[in-house]
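Student: next input, structure requested:
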Amino acid sequence: MSTYFGIDYGSKYTGNTVIAVLQGMDIMFLAVDKKVDADNFIYNATEHFKPQWIFLDAPLSLPGVYTQKQCKNTNYHFRLADLECKAMSPMFLGGLAARAIELKNKLQDNLGTTVHETYPRIMAQRLNLPEQGYKKSKSNLSDCTAQVASRFSKNIRFNPKDVKTWHHLDSLLALMSAMAHEQNKCTAYGDPNEGVILV
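Tutor: Numbering: from 1, shown residues only. Next comes the predicted model:
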């Protein structure tokens with residue numbers, strides 16, 4: 001039975017981190033409560049569910065100029081993947097990026113779980129969610145969720161009412177990238193020597 005995580009990754013104690021879990025044919029959500037360490041929560045959830053891989057919405061590498069890797073990009077602020085996806089700079093995100101990279105290494109080294117970087121906004125654009133008011137107002141959440149739900153196979157058991165915030169929806173979009181990866185349908189943005197974003 002395959003298990004994958006899609007994670008919308010937020011500040012450590014704000015309660016803005018949500019994990020979308022695909023286990024077999026069921027999708028469920030694990031939302032971190034405020035004042036709970038999000039990184040420990042993700043680690044413990046990974047230890048429990050043992051996902052084949054995790055798709056995390058956070059930078060998992062720095063621009064290549066800092067790591068002296070063989071890459072063509074010489075930008076000190078953005079990786080090639082960030083430029084292609086119009087994503088925020090890992091340098092701007094600072095502490096969040098550092099946490100994400102540390103968490104990825106712990107999950108891979110201690111639990112053997114593969115962690116990929118993803119960017120839900122790209123998936124949202126592919127599904128035409130901006131036309132449904134993506135992240136404009138809480139009142140648009142149900143329409144955007146219905147649009148996403150319509151893309152799932154009928155075999156997938158999923159309750160749209162479980163999507164209670166935009167963080168839930170972004171975790172679901174991250175999970176869709178994980179599901180696409182299973183079918184070799186992901187697009188890789190960026191330079192593999194520097195760090196890629198899979199959507």
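
Student: can you list the buried residues in the helix or strand of the chain with the lowest mean pLDDT?
Tutor: Ranked by mean pLDDT, DSSP states H and E, the helix or strand of the chain with the weakest confidence is helix 64-67, at a mean of 86. Buried residues in helix 64-67, defined by neighbour count with 16 or more other Cβ atoms under 10 Å: residue 64. Every residue, glycine included, has its C-beta placed from N, CA and C.

Student: roughly how far is that helix from the heart of the chain?
Tutor: Per Cα atoms, centre = their mean, to the nearest Å, the displacement of helix 64-67 from the mean C-alpha position of its chain is 23 Å.

Student: same question for stretch 171-181.
Tutor: Between the centre of stretch 171-181 and the centre of its chain there are 8 Å (Cα atoms, centre = their mean).

Student: can you list contacts of the least confident helix or strand of the chain?
Tutor: For helix 64-67, contacts defined as Cβ atoms under 8 Å, 6 or more residues apart in numbering pick out 61, 70, 71, 73, 74, 75, 76, 79, 191, 193, 194.

Student: ok, the first one - contacts?
Tutor: Read it as residue 61. Contact partners of residue 61, counting by Cβ under 8 Å, 6+ apart, are 67, 79, 90, 101, 117, 194, 195.

Student: cool, and the third one?
Tutor: With contacts taken as Cβ under 8 Å, 6+ apart, residue 71 has the following neighbours: 64, 80, 191, 193, 194.

Student: thank you kindly, that will do.
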